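> Sequence plus predicted model, see below.
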Amino acid sequence: MKIARIYIPTKTAMQSGNKNNNRWVLEYPGISNSKDYLMNWNSTENTKKQVKIFFKSKNEAINYANRNKIEFRLIEPKRRRIVIKSYADNFK
């Protein structure tokens, strides 16, 4: 069985705000698919890769994984370092 990942998803290119930037996700990594060459369908024997569970906090996600005996890897987010600049600094 693969190890699940717990992380905060990144913003899409269309987002500028930070509204859903604090939701944690528990998901399984992609598992190899098999191809049915007769009907050209993609299939898999394991449907866990379709499961994506959202949590409000990191602790809720960890507690859920521990309670259900799910092996997981925690990926901490990289925090942005904001540099406050002034427009007048361009002319010094």
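Received, thanks.
> Which neighbours in the sheet does the helix or strand hosting R73 have, and how are they oriented?
Element membership for R73, per DSSP states H and E: strand 72-74. Strand pairing for strand 72-74, determined by DSSP bridges: strand 4-7 (parallel).
> list the buried ones in the strand holding R73?
F72 (16 or more other Cβ atoms under 10 Å). The way it works is simple: take the backbone N, C-alpha and C, and place the C-beta from them, glycine included.
> outside of that strand, which residues touch it?
Outside strand 72-74, the residues that touch it by Cβ atoms under 8 Å, 6 or more residues apart in numbering are I3, A4, R5, I6, Y7, L26, K58, I62, A65.
> Averaged pLDDT, that strand. What do you get?
Mean per-residue pLDDT for strand 72-74: 94.
> what distance separates that strand from the centre of its chain?
11 Å (Cα atoms, centre = their mean, to the nearest Å).
> Around E60, count how many other residues there are.
The local packing of E60 (other Cβ atoms under 10 Å) involves 14 other residues.
> Who are the contact partners of it?
E60 neighbours (Cβ under 8 Å, 6+ apart): W24.
> What segments of the protein are strands?
Counting by DSSP state E, the chain has strands at residues 4-7, 24-27, 34-36, 41-43, 52-55, 72-74.
> For the fifth one, buried residues please.
Using 16+ other Cβ under 10 Å as the burial criterion, the residues of strand 52-55 that qualify are F55.
> How much space separates V51 from V25?
Distance from V51 to V25, counting by Cβ to Cβ, to the nearest Å: 10 Å.
> neighbour count winner among these two?
V25 (16 against 10).
> ok, the more buried one touching Y7?
Yes - judged on Cβ atoms under 8 Å, V25 makes contact with Y7 at a distance of 6.0 Å.
> so how far is R80 from S86?
S86 is 19 Å from R80, by Cβ to Cβ.
> try K35
Distance from K35 to R80, by Cβ to Cβ: 41 Å.
> The two: who's more crowded?
Each of K35 and R80 had its neighbours counted (other Cβ under 10 Å), and the higher figure belongs to K35 (10 against 7).
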